[in-house]
Each structure stands twice: as C-alpha cells, then as structure tokens.
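The following block contains a protein sequence and its predicted model.
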Amino acid sequence: MLEKLNLKKNNFNICLSLLRIYLSFLVVNAHCLDIKKNIYTFLIKNFLPVPTFYIMSFYFFHKTLLSKNIEKFIQRFERLLIPYIIWPIIIWILHNLLYILSKFYFPLYFRDLIIQLLTGHRYIQTLWFQLNLILETGLFIIILLIFKNNIIFILLNIELFAYILQYSNYNFKIYSNLNYEIKYSLGRFAEIIPFSVSGFMMSYFGFIDYLRKYRMKCLYLNLIIFIIICKYEIFNKEKGFFYSGIKLNILSICLFINFSIININIQNTRIIGFIKEISKFTYGIYFLHIPVMKYLNNYIKIIKNRNLFGSILIFIICFIICLIANKLFYKSKLIYLFK
C-alpha cells in the first residue's frame, strides 16, 4: 500500500504518521461500521482513505523511481508481492480449518484461492488495492525506462486519458458486466491512476516544500476548496467503481497537503514513539481488519453490532497481532505482511 516512511523526529513526518493512522482507522470504519447510520459517514465518503494512500505511496516512490536502481525496484515489488500472495494462502488455510473444526460458514475451494491471486478480490476484497499498486508500479517503471526524459509528459497524458475513460463512462461500460472480482479490481485501475500521478508530481516538483512557505494561507485555501467541493456539485457525476472523478483527487490532495505542511510541536518523546509505533503497522491493520471482523463476528457482540466501539476493538486487535508478528518475523521478509 505504502512506502515505508523514514520517520524522524520532525513535525512533517509525525504529521504524516498521524495521517496514516487516521486513514487506517477510516478504512476499518468503512468496512466494520454500519456507515449508513454513523456520524463518520461524511468523513469516509469525502476523505476516502484509498486515494490518499495512493498519493502517499507514489509521493515517496518518486525518488526510488528516478534513481533507476534495479535493487530498489525489486525490493518494492517484494514488499508488494509477498503480502499479496501470502495473505490469501494464510486466510484460505485458516478459513478451511475453522470450517472443518466448527462448520464455519462455508469452505473455500482451491479455485477461490486462484481467483483471489489473479484478481485480488474474492474472499479478501481489500487486496484489489495491492494488485493495482503492483500494476501501477510496473507501469511507472516501464514508462521511465522507455521514455526516460519525457516521463512527466507521458504521466500527465495517462492521467488525462484516465479521466476521459471515467467521464465518458467508457471505463464503466467495459467492466460493469464482468464478474465482480474483475470489475472491482481491474475496473478501478483507470480510477486510481490519477491519484498515483498526483503523488508523483507533487514530489517531483517539490510542491510540498514550496507550500510550507505559505502554510496558513494554504490551510485556509484548502478549507475553502473542501467546503465548496462538498457543498456544491461542481463536477459531473460519472459512473464508476467508487473511486472515479476528479473530486476525490482534489480532496485527497488537499488532505495530504494539510498534514504535510501543518506545524504540530510534540515534545513528549513517549507520545512521538507511540505514534510511530502505530503508524508502522497501518499496512498490517489494512490486511487484517476484515478477517478479524469476520472471524470474531459471532463471538463478540460489539463487533457483530458494527458500532464504533467494535471498530476500535478491531483496530486494537489488529495492532496487537502486528506487534507480536514484528517480534517473531523482524529478521524475515514475512514482516512485509505487517509493516
């Protein structure tokens, strides 16, 4: 999902750590709450975590990409592919063991595992995110190697083409009649591209460093933009798979900018350490929260009721699992499953 942040004791990185925690908690709420009845519905719909995560990922991938370092490219693919392959196998085995021991819902067949690995969307629906991240990483590397000095021009044209596909509803028409595993994975590829390009561009042009000079003006401007976009339907409504439209890109950019330039002075080293510790495992929390919800749903009432306290409990359980796993696998590449 994300490049591992180099967290140092400075406000910029602490704020981005807070952003990661905030977005991860929204992801948990989006899947584990009855959001139709919850006060967080507005935040989940208008500050969608997925677009901002893509912006962050390719913002930090910029320097790695331009370095043309093959070893770093391989390392990124390892970080992306290991959880993408291993988690479906783990959940497939665990689910079938529970089915054998307790008649847990229904069995998962071998074809389910194959479909999950091919599409990123079968019994672990959130892995469509990882599949698109893998595909986009490959696309960016290919563009760099082929076009070299024209990478910015090519990426801008790809972003424009992606919006043409979205607003013409052509992208929706291509995928809407296909199986849900395909349309909710590959159908989102053209919807996600603009977020990734935006993150890369902001890093390439040093946009955040420039905006820090005008911190307060930028924060006020972002607030105005947010109110206007959320209150008025400026952009045409397009058919898609939940992530289409320029509105989400603008809102996610504003959110990322605000957390990047805001000035928070935290002196307490314990608080700083706690924030860093949680933010390290947002990756694992993303992968774990739906399986944890499903398997504890019949045993813990507040999780079954899908309320805020249940979401908080799921977040805490996932965090504890990641902490334990960190102790067990910190010398192994299996740690990529959790951080």
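All right, it came through fine. Remember, predicted model here, so these are calculated numbers, not experimental data. Numbers count the residues shown, from 1 in each chain.

where's the residue sitting furthest away from the middle of the chain relative to Tyr184, distance?
Most distant from the centre of the chain: Leu101, at 34.0 Å, with distances by CA atoms, centre = their mean. Separation of Leu101 from Tyr184 (CB to CB, to the nearest Å): 31 Å. In this view, the C-beta of every residue, glycine as well, is placed from N, C-alpha and C.

likewise Ile285?
21 Å.

ok, those two, which is more surrounded?
Ile285 (26 against 18; other CB atoms under 10 Å).

so which helix or strand takes in the more buried one?
In the assignment (DSSP states H and E), Ile285 maps to helix 282-296.

who does that helix touch, helix- and strand-wise?
helix 11-32, helix 70-102, helix 308-329 (3 or more CB pairs under 8 Å, 6 or more residues apart in numbering; DSSP states H and E).

Put the alpha carbons of it into CSV.
The C-alpha trace of helix 282-296 is given here as CSV (Å, rounded to 0.1, in the frame of the first residue of the first chain):
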residue,chain,number,x,y,z
THR,A,282,-1.1,0.5,9.3
TYR,A,283,-0.2,-1.8,6.4
GLY,A,284,-0.9,-4.9,8.5
ILE,A,285,-4.0,-3.4,10.0
TYR,A,286,-5.3,-2.8,6.5
PHE,A,287,-4.8,-6.5,5.6
LEU,A,288,-6.1,-7.9,8.9
HIS,A,289,-9.2,-5.9,9.8
ILE,A,290,-11.7,-7.7,7.6
PRO,A,291,-10.6,-11.3,8.5
VAL,A,292,-10.6,-10.3,12.2
MET,A,293,-14.1,-8.8,11.8
LYS,A,294,-15.4,-11.9,10.0
TYR,A,295,-13.9,-14.5,12.5
LEU,A,296,-14.9,-12.6,15.7
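
Report the mean confidence score over whatever helix or strand comes next after it.
Using DSSP H and E, the next helix or strand after helix 282-296 towards the C-terminus is helix 301-304. The average pLDDT within helix 301-304 is 84.

buried residues in helix 301-304?
Using 16 or more other CB atoms under 10 Å as the test for burial, helix 301-304 gives Ile303.

residues in contact with that helix?
For helix 301-304, the external contacting residues (CB atoms under 8 Å, 6 or more residues apart in numbering) are Cys32, Met293, Leu296, Asn297, Asn298, Phe309, Gly310, Leu313, Ile314.

ditto for stretch 117-127
Residues outside stretch 117-127 that contact it (CB under 8 Å, 6+ apart) are 27, 31, 84-85, 87-88, 91-92, 95, 108, 112-113, 115-116, 128-132, 180-182, 184-186, 286-287, 290-291.

Where among the helices and strands packed on helix 282-296 is average confidence lowest?
Among the helices and strands packed on helix 282-296, helix 11-32 carries the lowest mean pLDDT (a mean of 84).

Buried residues, that one. List them.
12-32.

Give me the residue ranges of the protein where confidence is low.
Along the chain, segments meeting pLDDT under 70 span 1-12, 35-47, 103-105, 236.

again, only using 80
Per-residue confidence for the chain (pLDDT under 80) gives these ranges: 1-13, 33-48, 102-105, 230-238, 263-268, 298.

Now the buried members of the contacts of stretch 117-127.
Buried among the contacts of stretch 117-127 by 16+ other CB under 10 Å: 27, 31, 84, 87-88, 91-92, 95, 108, 112-113, 115-116, 128-132, 181, 184-186, 286-287, 290-291.

What's the end-to-end length of stretch 202-212?
Using CA to CA, to the nearest Å, the end-to-end distance of stretch 202-212 comes out at 13 Å.

Tell me which helix or strand comes right after the helix or strand containing Met216.
Taking DSSP H and E as the criterion, Met216 maps to helix 215-231. Sequence order places helix 246-261 as the next helix or strand after helix 215-231, per DSSP H and E.

Next, the buried residues of whichever helix or strand comes after that following helix.
Per DSSP H and E, the first helix or strand lying C-terminal to helix 246-261 is helix 269-280. Buried residues in helix 269-280, counted by 16+ other CB under 10 Å: Ile272, Ile275, Lys276, Ile278, Ser279, Lys280.

I'd assumed Leu18 was in contact with the fourth one.
If I follow you right, that is Ile278. No - under the criterion of CB atoms under 8 Å, Ile278 makes no contact with Leu18, lying 9.3 Å away.

List the backbone torsions phi and psi for Arg122.
Dihedral pair for Arg122: phi -150, psi -80, per degrees, to the nearest 10.

what about it, how many neighbours?
Neighbours of Arg122 using other CB under 10 Å come to 23.

same question, Tyr232
Tyr232 - counted by other CB under 10 Å - has 8 other residues nearby.

next one: the one 3 residues further on
Here the neighbour count serves as a burial measure; for Phe235 (other CB under 10 Å) it reads 13.

Now it. Nearest residue, chain neighbours left out?
Among residues not flanking Phe235 along the chain, Lys247 sits closest, at 5.1 Å (CB to CB, 6 or more residues apart in numbering).

With Asn258 instead?
Per CB to CB, 6+ apart, closest to Asn258 is Asn222, 5.6 Å.

Quick check, the one you found in contact with Ser260.
No - the criterion here is CB under 8 Å, and Asn222 misses it with Ser260 at 11.0 Å.
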